[in-house]
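Asker: Quick one, fold the following:
(2 chains)
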There are 2 protein chains.
Amino acid sequence: MGGDFAPGIVVEGALEALNESDSRFAVALIGPQDRIEEELRSQATRGLRIPKEHLTLFHAPDVISMEDAPNAALRTKKRSSIGVGLTIQKEGTAQAFVSAGNTGAVMSASTLILGRVEGVSRPTIGAVIPTVKKPSFLLDAGANVDCKPRHLFEFAVMGSVYMSTLFGLHNPRVGLLNIGEEATKGNAVALETFAMLQRSRLNFVGNVEGRDLLKGNVDVIVCDGFVGNILLKFGESVPAFLKEKFLAFAARSLGNKLVASIARGGLRSVLKEFDYQEHGGVPLLGVNGVSIIGHGGSTAKAIKNMIFRAEEMIRKDVNALIKEELRRYHE
Amino acid sequence: MGGDFAPGIVVEGALEALNESDSRFAVALIGPQDRIEEELRSQATRGLRIPKEHLTLFHAPDVISMEDAPNAALRTKKRSSIGVGLTIQKEGTAQAFVSAGNTGAVMSASTLILGRVEGVSRPTIGAVIPTVKKPSFLLDAGANVDCKPRHLFEFAVMGSVYMSTLFGLHNPRVGLLNIGEEATKGNAVALETFAMLQRSRLNFVGNVEGRDLLKGNVDVIVCDGFVGNILLKFGESVPAFLKEKFLAFAARSLGNKLVASIARGGLRSVLKEFDYQEHGGVPLLGVNGVSIIGHGGSTAKAIKNMIFRAEEMIRKDVNALIKEELRRYHE
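Answerer: Below is the predicted model of the structure:
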């Protein structure tokens, strides 16, 4: 029931994932039973194959909306798709959870129900961001607003493991988001984190500034969730701003209008890059299991990609690698 | 000698300001005497009027470069244009200082030499940012990386005075940059600042998120210099990123190339909005005097605008208003 178009888009994305999966995995749909069954019938009518042998259904009558306060909602709506979905993972019935629902609720419930990977102080959300080269991975994207250097250091380790495992990068370059390149720059937390990263075995390339984010010279960008959230939301708002300005430009003259109408497609193609959710959801790293959170406006394709990403995280056992890597530092 | 094109552009901008000023003010040019005199001769040759009766020259042989470490440079290069310029203001010979030089050095020297306005704990840099409506004023833009709620509160007061006095806004709307709209959102500093702002007489409209920055629904945006600096530098880097992506789009097909060549002018006009330095420098608020810092790449027009902005800050006595406003809160 998560996201703006549930359950329709969610069921559709799940079926597409199954139909493209060569029976590698099964999907459990979680939500109000009647709504899901209705949706399955409707998808069948539209010609989508229903691979029943790989599909289960878990009844979860409560619905946590996007506006609900996460913790209060989790307390009062015990049988939500978020609560039930993570509980069946905890019990071993499922190995991953994917949701386009209330981000705060998925984060809280994931940490609460699944627990943390050994050595992790704070689970973190990472976001894939576009650059002029390959995409980078920025974390924390908003889960932790007050961070100690130790937390930022753990984010660097988790981000590094994620990028090497899931993006196939050898020894990913790690940068610390800061206000200058020099080691002496930044606030107290940044200064101490810099020193920790430099002493580590990570491929730490130093500070990166705001102006470097889109250059793609690092693979993992570390910051606290306060900065990360503000930055990512700002980035997401750039296309709408440019569209407004472009319309104003078009309105200035007939010539401009013509130019604008010709340029529209190109502009759209360029601006699409700013939608970091194109990559199909952001992983919550550091929880003892797999939990992937999608945008409220996720499409069926995004849901499908989130399921494939979840499968990959299970298959490559990202958590074991995170645990192993952190153990080295704790020793 | 400040900026990438000094002294040429600086002298040119100063002369343009004087020639458009109706003798309202005089300008003191500060730098190596021979270089300035040579530049004045060269400008005269090019036909620019030299209004000698409103022009003085102060010899400052030392040059602080953009790469110099601010405090070390100020110690060793005592007779730089920054040091001399601020000293003659302190002594009453000048009433304002304008520079496109080393930002850190201008900030440090301004606070050190001019001192702080009564009631101000930390001087702050504000930046004018574009929005779909009127420009907003974001502070701190990078002067203070570790802030207490009290500092952020003072930034809000200074920003509010600045926008009402220099942009003619009645009761400017003040927003606190945060990761959610609700009063309960954010890190520890944001939570306490929210409470202080709400108790104040400022027109505090609540939290603003990263995605709201370009919407123009607030006039003053308050954040610490760590977030502010990263955000502003990120914003400044967006045009270059879009240009790269646009070139890649153009390279994909001949049709695309045609579209791109037609759209180029429109895109440039739209992206220009992201250059927050178009507004001619950022004021350092809270110092006991007037100090305006320009981009290293400032044009003559930017220098001219900085001089006019400085004159306006003197004429409207922004510092007296800041002092008066802060006094109310300290009582």
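Asker: element containing A:V132, please.
Answerer: Of the helices and strands defined by DSSP states H and E, none includes A:V132.
Asker: For it, give me the pLDDT.
Answerer: pLDDT, A:V132: 89.
Asker: Can you report how many residues neighbour it?
Answerer: Neighbourhood size, A:V132 [other C-beta atoms under 10 Å in any protein chain shown]: 18. Every residue, glycine included, has its C-beta placed from N, CA and C.
Asker: Name the nearest residue to it, sequence neighbours excluded.
Answerer: B:E244 (4.4 Å; C-beta to C-beta, 6 or more residues apart in numbering or on different chains).
Asker: Next, the one you found: phi, psi?
Answerer: The phi and psi values for B:E244, taken as degrees, to the nearest 10, are phi -60, psi -50.
Asker: That one - how many residues pack around it?
Answerer: That count, for B:E244 with other C-beta under 10 Å as the rule, works out to 17.
Asker: so how far is A:D212 from it?
Answerer: Using C-beta to C-beta, to the nearest Å, B:E244 is found at 14 Å from A:D212.
Asker: which residues does A:V208 contact?
Answerer: A:G175, A:L176, A:L177, A:N178, A:N217, A:V218, A:I221 (C-beta atoms under 8 Å, 6 or more residues apart in numbering or on different chains).
Asker: swap in A:H295?
Answerer: A:H295 makes contact with A:G3, A:A100, A:Q277, A:G281, A:A302 under the criterion C-beta under 8 Å, 6+ apart.
Asker: closest to A:K233 among those residues?
Answerer: Here the nearest of those to A:K233, counting by C-beta to C-beta, is A:Q277; it sits at 11.9 Å.
Asker: Can you read off the pLDDT for that closest one?
Answerer: pLDDT, A:Q277: 54.
Asker: Ok, A:P172 next?
Answerer: The model reports A:P172 with a pLDDT of 98.
Asker: who's in contact with it?
Answerer: Neighbouring residues of A:P172 by C-beta under 8 Å, 6+ apart: A:F137, A:G159, A:S160, A:M163, A:S164, A:N203, A:D219, A:V220.
Asker: same thing with A:F155?
Answerer: Applying C-beta under 8 Å, 6+ apart, we find A:F155 in contact with A:T124, A:L139, A:D140, A:C147, A:V222.
Asker: close enough to count as contact, the first one and A:L285?
Answerer: By that I understand A:T124. Yes. A:T124 is within contact range of A:L285, at 5.3 Å (criterion: C-beta atoms under 8 Å).
Asker: For these two, list the residues in contact with both.
Answerer: A:L139, A:M158.
Asker: and the stretch 1-150 of chain A, which residues reach chain B?
Answerer: Residues of the stretch 1-150 of chain A lying near chain B by C-beta under 8 Å from any C-beta of the partner chain: A:T131, A:V132, A:G142, A:V145, A:D146.
Asker: okay if I get the residues you listed as a markdown table plus distance to A:F58?
Answerer: Supplementary listing: those in a markdown table, determined by distance: C-beta to C-beta, whole Å:
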| residue | distance to A:F58 |
| --- | --- |
| A:T131 | 39 |
| A:V132 | 44 |
| A:G142 | 28 |
| A:V145 | 33 |
| A:D146 | 36 |
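Asker: picking that back up, just give me the closest of the contacts of A:H295 to B:N229.
Answerer: For these, the residue nearest B:N229 by C-beta to C-beta is A:Q277; the value is 26.5 Å.
Asker: ok, and the closest non-adjacent residue to A:P51?
Answerer: Leaving aside its chain neighbours, A:P51 sits nearest to A:L18 (4.8 Å; criterion: C-beta to C-beta, 6+ apart).
Asker: and that neighbour, what is it in contact with?
Answerer: Counting by C-beta under 8 Å, 6+ apart, A:L18 makes contact with A:F25, A:A26, A:V27, A:P51, A:H54, A:L55.
Asker: So which residues of the stretch 51-200 of chain A form strands?
Answerer: Along the stretch 51-200 of chain A, counting by DSSP state E, counting those that start in this stretch, strands occupy A:55-59, A:97-99, A:124-129, A:136-139, A:173-177.
Asker: Let me know which of those strands is tucked in deepest.
Answerer: Greatest average neighbour count among these goes to strand A:97-99 (a mean of 30), per mean count of other C-beta atoms under 10 Å in any protein chain shown.
Asker: quick one: average pLDDT of it?
Answerer: 97.
Asker: Among the residues of the stretch 1-150 of chain A next to chain B, which one sits closest to A:E325?
Answerer: Set against A:E325, the nearest of these by C-beta to C-beta is A:G142 (23.3 Å).
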